[in-house]
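# Fold the following for me, if possible:
(one chain, ligands or ions: 1)
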Amino acid sequence: MAQTNPNAINVNDPGLITLVNKLQDVFTTVGVQNPIDLPQIAVVGSQSSGKSSVLENIVGRDFLPRGTGIVTRRPLILQLINRQGAASTPTENGVNGDTKKIDSSDAASNSDEWGEFLHIPGQKFYDFNKIREEIVKETESKTGKNAGISPAPINLRIYSPNVLTLTLVDLPGLTKVPVGDQPRDIERQIREMVLKQISKPNAIILAVTAANTDLANSDGLKLAREVDPEGQRTIGVLTKVDLMDDGTDVVDILAGRIIPLRLGYVPVVNRGQRDIENKKAISYALENEKNFFENHKAYRNKASYCGTPYLARKLNLILMMHIKQTLPDIKARIQASLQKYGAELASLGDSMLGNSGNIVLNIITEFSNEYRTVLEGNSVELSSVELSGGARISFVYHELYSNGVKAVDPFDQVKDIDIRTILYNSSGSSPALFVGTTAFELIVKQQIKRLEEPSLKCVSLVYDELVRILGQLLNKPMFRRYPGIKERLHAVVIAFFKKSMDPTNKLVRDLVAMESCYVNTGHPDFLNGHRAMAIVNERHNAAKPVQVDPKTGKPLPPSAAPPRSASPSLDGTNGQDSGFFGSFFASKSKKKMAAMEAPPPMLKASGTLSEKETQEVEVIKLLINSYYNIVRRTMIDMVPKAIMLNLVTMTKEEMQRELLEQMYRTKELDELLKESDYTIRRRKECQQMVESLSRASEIVSQVQ
Ligand SMILES: Nc1nc2c(ncn2[C@@H]2O[C@H](COP(=O)(O)OP(=O)(O)OP(=O)(O)O)[C@@H](O)[C@H]2O)c(=O)[nH]1
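Next up is the predicted model:
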């Protein structure tokens, strides 16, 4: 395997380390999700493969919980920050890997080294035992004792002159068998959590495998392969090299002959279980490790590429290279996020409220203007996908209502036989000599009333459209900010609509009443009686078989044809033309006729219609049809006008006055302008984000 000379590793790149430190600082102070996926190193491996030991050796301190079972149950984001001396500001000088010195006093406090948890801001932990306790406590707070795992990370930063700046994420060990009251699917849960961390393209995978186990079965490497099949961003760490059987070594693995990784493998020796129990210091472990590699015949000539200090430098270098590579992308993402949060912040509005009266006034004015604009179809947000506002109301008039009215059949519920009954009735006690206009009027008036229902329905459809417009207007982000105003506006406007409905319905009812009250037979479009009769006659003649003159054999003109009822019947009645009641009596027996019984309680014209009756009924129907068409046209024309007058235009013109009257009350203004919790919280988040991102942007812009 191609290894570079460790002495050539330049860990002294102050610009980059400072950059990372600063970026970390910037984003750690953001209490919300870091929008920039900073490069970090995720530690994966089976349970007890030695992950915690590797991390502790890198930090040079004992601080991770130990025990049986799954100890790491939440991701631990470990940010190691190099600081020289006791200065309280991050060093600008970076770190010198060559002078890296491991503190030997593991348990002792050291004013240069401390830990800080993100969940306890401002508290410095100088005692690393306390750090361990806090990790245990915080783990249990989310997951309970020995129970499950949680993907919510614990953020721990360690400031020390003895660490190289690195961000490492310690993840739960990959396990197979649930123990105790762990959930049955613990294996899947851990897998998913680990995968989530290592699948980020900016993650470097530190796959830890015990050297005394088969590399091909390494859970860490297997999982790493799933997200990094080419082995481009995976580093192998081989632990427990000291526990390998005599005569075996990891030289083949290091040379990349078993499972090659572009970033290579580093063998380490950590403290064994007994060393830990005996509280052997890490300084001892590192010394021991150094001796092991320097004196082992397989590693002796490569000792500088082995062990924890080399691993730390390598990780630091890889991380820095990685940062360098990803910097342009990070810059772009910072800019994009900055823009996104800036825009959101602007949409949330300024928290510095001005004069509350002015604000409410502005909102009312704006709302009224928008209501007007939507109705008039001048809205800038006009959609090309669907009809909106006024266009929808127009659809109600010209499609729904117009077709609805046209669909009303003037003869619905009026049978020819009924027309005849009305004819009889309208002629009163003296049989009418002419087709009765009274009958026509009666039926027409009655049928006109049936137009009331679709007309009122039209009003209610338009009302629904107005409510719909209101809903759209109240959907604006501004109202998310002021839920009080939104609620009040909704209530006031709905009440206003309802209030306007009464006169609108009345006007529409009156329009129908006007039509049914007076039938204007003088209407220029109305088919007059003579014309109607002529049409009916023509139709009848056309329908009759042509009469032929027996002498000449030529067709006779219709008038010359002998009347069908010309032959008088024996009883003196005149066949079909027996008068208005003829057909009624036709069904009665002569005997009954002679007895002159009283008319039955329910007396209806019945029997087949005589030709004259048929013609009369037809004439009446023609007239009704003609007049009904006029009325229908009038209604289609007038009802929308009525609705516009009393509902649409009314609310449009009076909206502002109504809102001012109902909402602009000094006492209520502040109540109305209470911002939603969401707005307050989100604004704070966005402000923090914008602040952090601006600083981040400033920091990265210094690096060319
Ligand atoms: N001899 C020897 N023992 C080691 C080495 N590395 C780890 N161990 C021991 O292996 C056991 C497990 O080590 P840990 O570091 O706790 O392993 P882990 O992967 O963090 O375990 P979990 O967090 O439980 O998944 C401990 O008893 C360590 O002392 C090593 O290089 N040599």
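# just checking, what packs against the host helix or strand of residue 189?
Taking DSSP states H and E as the criterion, residue 189 maps to helix 186-198. Applying 3 or more C-beta pairs under 8 Å, 6 or more residues apart in numbering; DSSP states H and E, we find helix 186-198 packed against strand 40-45, helix 219-227. The C-beta positions use only the backbone N, C-alpha and C, and glycine is treated the same way.
# Just tell me which of the ones you listed ends up closest to the ligand.
When the helices and strands packed on helix 186-198 are compared by C-beta to the nearest ligand atom, strand 40-45 sits nearest the ligand, at 5.6 Å.
# Can you tell me what sits against that closest one?
The contact list for strand 40-45, computed with C-beta atoms under 8 Å, 6 or more residues apart in numbering, reads 51, 54-55, 77, 166-171, 173-174, 194, 197-198, 202-209, 218-220, 223-224, 235, 237, 315, 318-319.
# Of those residues, which ones also sit close to the ligand?
Residues of the contacts of strand 40-45 in contact with the ligand (C-beta under 6 Å from any ligand atom): 51, 173.
# Lowest average confidence across the helices and strands packed on helix 186-198, which one?
Among these, strand 40-45 carries the lowest mean pLDDT, at a mean of 90.
# Between helix 219-227 and that one, find me the angle.
Relative orientation of strand 40-45 versus helix 219-227 (axes from the mean of the first three to the mean of the last three C-alpha atoms, to 10 degrees): 130 degrees.
# Parallel or antiparallel, which strands does strand 40-45 pair with?
Strand 40-45 has the following sheet partners, assigned by DSSP bridges: strand 166-170 (parallel), strand 203-210 (parallel).
# Residue 647 versus the residue of the stretch 551-700 of the chain found nearest the ligand, what's the distance?
Nearest residue of the stretch 551-700 of the chain to the ligand, counting by C-beta to the nearest ligand atom: residue 692, 32.5 Å away. Computed with C-beta to C-beta, to the nearest Å, the distance linking residue 692 and residue 647 is 52 Å.
# swap in residue 490?
On the measure of C-beta to C-beta, residue 490 and residue 647 end up 18 Å apart.
# So between the two, which is more surrounded?
Neighbour count, other C-beta atoms under 10 Å: between residue 490 and residue 647, residue 647 has more, with 23 against 16.
# neighbours around the closest residue in space to the more buried one that isn't next to it in sequence, how many?
Leaving aside its chain neighbours, residue 647 sits nearest to residue 504 (4.3 Å; criterion: C-beta to C-beta, 6 or more residues apart in numbering). Using other C-beta under 10 Å, residue 504 has 24 neighbouring residues.
# who's in contact with residue 504?
Going by C-beta under 8 Å, 6+ apart, residue 504 touches 459, 642-643, 646-647.
# Equivalent analysis for residue 284, please.
271, 275.
# Looking at it now. What's its pLDDT?
Looking at residue 284, its pLDDT stands at 90.
# now swap in the one 4 residues further on and tell me
On pLDDT, residue 288 comes in at 93.
# and if you look at residue 63?
Note on residue 63: pLDDT of 91.
# same deal with residue 249?
Model confidence at residue 249, given as pLDDT, is 90.
# Helix or strand for the residue of the stretch 551-700 of the chain closest to the ligand, just tell me which one.
helix 677-702.
# What is that helix packed up against?
For helix 677-702, the packing partners by 3+ C-beta pairs under 8 Å, 6+ apart come out as helix 14-29, helix 308-348, helix 477-481.
# How far does the second one sit from its chain's centre?
What it means is helix 308-348. Its chain's C-alpha centre and that of helix 308-348 lie 30 Å apart, by C-alpha atoms, centre = their mean, to the nearest Å.
# So which elements touch the very next helix or strand once past that helix?
Using DSSP H and E, the helix or strand that follows helix 308-348 in sequence is helix 356-376. Using 3+ C-beta pairs under 8 Å, 6+ apart, the elements in contact with helix 356-376 are helix 390-395, helix 452-473, helix 483-517, helix 649-663, helix 669-672.
# give me the number of residues near the residue of the stretch 551-700 of the chain closest to the ligand?
So residue 692, with other C-beta under 10 Å, has 26 neighbours.
# Over to residue 276?
Neighbours of residue 276 under the rule other C-beta under 10 Å: 15.
# Ok, residue 645 next?
By the criterion of other C-beta under 10 Å, residue 645 has 13 neighbours.
# and it, helix, strand or coil?
With DSSP: H, G, I helix; E, B strand; the rest coil as the basis, residue 645 sits in helix.
# residues touching the residue of the stretch 401-550 of the chain found nearest the ligand, list them.
When scored by C-beta to the nearest ligand atom, the stretch 401-550 of the chain has residue 480 as its residue closest to the ligand, at 45.4 Å. Applying C-beta under 8 Å, 6+ apart, we find residue 480 in contact with 486, 676, 678-679.
# re the thing from before, now distance to the ligand and mean pLDDT too, for the helices and strands packed on helix 356-376, in JSON lines please.
Shown next, in JSON lines, are those (distance: least, C-beta to the nearest ligand atom, whole Å; pLDDT from 0 to 100):
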{"stretch": "helix 390-395", "distance to the ligand": "64", "mean pLDDT": "88"}
{"stretch": "helix 452-473", "distance to the ligand": "55", "mean pLDDT": "94"}
{"stretch": "helix 483-517", "distance to the ligand": "48", "mean pLDDT": "94"}
{"stretch": "helix 649-663", "distance to the ligand": "62", "mean pLDDT": "92"}
{"stretch": "helix 669-672", "distance to the ligand": "55", "mean pLDDT": "78"}
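# which one of those lies closest to residue 374?
Closest to residue 374 of these, according to C-beta to C-beta: helix 452-473, at 5.3 Å.
# re earlier: of the contacts of residue 504 - the most surrounded one?
Counting by other C-beta under 10 Å, top hit in the contacts of residue 504: residue 643 with 28 neighbours.
# Tell me the pLDDT of residue 182.
On pLDDT, residue 182 comes in at 72.
# Ok, residue 551 next?
pLDDT for residue 551: 62.
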